[in-house]
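Enquirer: Starting from these lines, generate the structure:
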Amino acid sequence: MQRKLYYFSLLFLFSLSANAQFFLNGSAIELPDGCYQLTYNQLNNSGSIWYENKISLDSSFVLLMDIFLGCQDELGADGVVVGFQPISTSVGTAGGGLGFLGVAPSLGIELDTWENTPFSDPIFDHIAIIQNGNLDHNSNDNLVGPVPISATTNDVEDCAYHPLKVSWDAETKTLEVYFDCEWRISYQGDIVNDIFNGDPEVFWGITSATGGVTNYHRVCFAYTSFLDQLQDQQICAGESVVLAAGAGSSYIWSPAIGLSNPFIPNPIATPTSTTLYQVTITDDCGESYFDDVLVEVFPANLNLELGPDQEICEDIPITLDASQNNASYLWNTGETSPTIAVQTSGNYSVTVTEPNSPCIAVDNIFIDFPPIPQITLPNDSIICENTTFDITPISLSGNITWSTGSTGTTLSVSSPGTYFAETSNTCGTDVDSISLISSPQPIVLLPSDVDACTGESINLAPLEALGDLLWSTGSIAEEIIVTSTSTISLSANNECGTVSDSIAISFFDPPFILLEGPYLFCKGQSINIQALDWNGTLQWENNIIADSFSVAQDGMYQVSAFNACGEAIEILEVIAEDCQQFYIPNAFSPNDDGFNDTFYFQDDGNILEIQTLLIFDRWGGLVFQRENFPANDPSLGWNGKKNGATLSSGIYTYYSKVRTRDNILRDYKGDIHLLR
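Expert: This next block holds a predicted model:
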């Protein structure tokens, strides 16, 4: 095992983003390398960043940053504000308010890329200095501007970062703004008293917003007077640290001793003694600013060695010793003593720290307590014919080798015999064995399905069986007696499993037929004869086997029912009737004597319906009409009147359509003698 004892020192990247403490609001997010995105390219976004501590306007300052105002020109909006205010570190309104609208008291440097006519914006991308969160350029809160943001173009939404410098001279009370290294706008005034009511303490930050049109808005800080770009560092002798300055175009570090390259932003420093490094950073506009970092070097006094990895077969603890002079300890077990006792396998590491020093030493060691080799196989067992048997150790410590040469944990075998298994490691060897005895598979076979007659009994026994028997009746006998219809199953069981078979036994009652007769039907038609009840299979005339039989002629017919238990025979009579017979009177006397007072059709059931009955006088005039009515009802017949008026004696003619019992609609007509 390779082990490294080292003195701990972090290779920090001390850029602005590692030290600046900004509150992020709304859609604002932090990006790498001291950059922030204020809005997405989305509708109605607003975001802001505010430095967590207030600054004093009684002191001069410089802000150097790169501003990204988006990639969309005509459809891009809305812009950013570099703001100062004492109120809070929250986000403002979206849209044309640039996340700064309504913040008062305040001072803002507006970089606006959208023409908001309610705010009297010019058509070009413009910059202005405003107060009290009022972006209306026609108001008294508009201090300076608006003027074009750029000295060379009206469009700064060009998908590029632009250097922006904001400087405040507290002595002359002058605020100046440079864009793309060109002076753009300035304001001179007592902003502490005129705007902030005499209080010089304010928050500073950047706000942005989108509305009905969108753009990305981003800012990257290069240098600010408020932030310590580089923090002093402590390392152990022989270690290195990366020094990372803010953004610029050129760099000069001094002294160059111990630096990998004094002309890059992030040289690796490996001083042999405590050294103060200073860097001069020149940005794209030729502005130079300075910072320094003290790298303090501590001697490495620790000499930690836990020793080589160990393997211990005996079940006894081992002591690990990390003792050093005047040091503190932390083991990966959580213990803080210089020595620990261990008795389980694992990797053990310790961190040793010197007081008042950044130097720590770390070492680790692997202790292995291999188990004493041991194997226990299952008890001797049975292997079933035509199957495999899996032998898996009940307990095992170490690798395994079977007598077959296999090294898998489980051995699958298909034949009887004695099988050995051996396990071994650096601490010894153990062996165990298992014997397998062959056993046949269970067998059961029942006869084919059986039919019998009621009152008989069936002695049921398997044609072939091997194993312990169990009938579905609960019996364990080799033979059972069955007296009722049922499905019987039989299972055979042994140590190799269970098989089963079944048989259907059906008991039939003697056949019988129950008929209803005689059977009547209309001449010229047929009748479908159906027995009321029967048992067995029905066979009609001409050996027709069916549940019913169609007859078209009257006579005597034979039907039989048969099954495995016999045959029953019945003779049935079929009578053909004249279904058209009924009585139509040829005279009636409507004199209200209660006898033959109406003309109506009379029958004994052959009329299903009188569909139409029309009666005419001798001149062809209609005197009576009725439709869809039954026979045998005098109240539905003709009473010798027309519209309530009594008609005179004479001969009248009737015409009718009648549906008879054979379901045929026929015409009937004739004369009627009305007698008075």
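
Enquirer: ok, residue 349 - contacts?
Expert: Going by C-beta atoms under 8 Å, 6 or more residues apart in numbering, residue 349 touches 331, 332, 362, 363, 364, 365. C-betas here are computed from N, CA, C, even on glycine.

Enquirer: what about the fifth one, helix or strand, and which?
Expert: Going back to what we said before, that points to residue 364. Element membership for residue 364, per DSSP states H and E: strand 360-368.

Enquirer: Can you give the distance of that strand from its chain's centre?
Expert: 46 Å (C-alpha atoms, centre = their mean, to the nearest Å).

Enquirer: Neighbouring strands of the next helix or strand after that strand in the sheet, and parallel or not?
Expert: Counting by DSSP H and E, the next helix or strand C-terminal to strand 360-368 is strand 374-376. Take DSSP bridges as the rule and strand 374-376 pairs in its sheet with strand 395-397 (antiparallel).

Enquirer: Let me know the average pLDDT across the partner strand.
Expert: Per-residue pLDDT values over strand 395-397 give a mean of 87.

Enquirer: Identify each buried residue in it, please.
Expert: For strand 395-397, burial by neighbour count (16 or more other C-beta atoms under 10 Å) applies to 396, 397.

Enquirer: Could you pull out the strands in the stretch 551-676 of the chain for me?
Expert: Secondary structure of the stretch 551-676 of the chain, counting by DSSP state E, counting those that start in this stretch: strands at 555-563, 566-577, 587-588, 607-616, 622-629, 641-642, 645-646, 650-660, 665-674.

Enquirer: Same question for the stretch 1-150 of the chain.
Expert: 6-7, 22-26, 29-31, 35-39, 46-51, 55-56, 61-68, 79-85, 107-112, 126-131, 142-148.

Enquirer: Tell me, what's the model's pLDDT at the residue lying closest to residue 616 once chain neighbours are set aside?
Expert: In this structure, residue 616 finds its nearest non-sequential neighbour in residue 653, 4.9 Å apart by C-beta to C-beta, 6 or more residues apart in numbering. Looking at residue 653, its pLDDT stands at 96.

Enquirer: ok, back up a step: nearest to residue 561 among the strands of the stretch 1-150 of the chain would be which one?
Expert: Nearest of the strands of the stretch 1-150 of the chain to residue 561, taken as C-beta to C-beta: strand 29-31 at 93.7 Å.

Enquirer: Sheet-wise, list the partners of that closest one with their directions.
Expert: Looking at strand 29-31 with DSSP bridges, its partner strands are strand 35-39 (antiparallel).

Enquirer: low-scoring stretches of the chain, by residue?
Expert: Scanning the chain with the threshold set as pLDDT under 70 gives 1-20, 90-95, 226-229, 246-247.

Enquirer: Domains in it, by residue range?
Expert: 17-224, 233-298, 310-368, 374-439, 443-508, 512-577, 587-674 (automatic domain parsing).

Enquirer: picking that back up, got the buried residues for the strand holding residue 364?
Expert: Using 16+ other C-beta under 10 Å as the test for burial, strand 360-368 gives 360, 361, 362, 363, 364, 365, 366, 367.

Enquirer: List the neighbours of that strand that are in contact with it.
Expert: By C-beta under 8 Å, 6+ apart, strand 360-368 touches 1, 3, 5-8, 302-312, 318, 320, 322, 324, 332, 342, 345-354.

Enquirer: Out of the residues you listed, which end up buried?
Expert: By 16+ other C-beta under 10 Å, these give 6-7, 302, 304, 306, 312, 320, 322, 324, 342, 348-354 as buried.

Enquirer: Strands - which of the residues you listed land there?
Expert: 6, 7, 320, 342, 348, 349, 350, 351, 352, 353 (DSSP state E).
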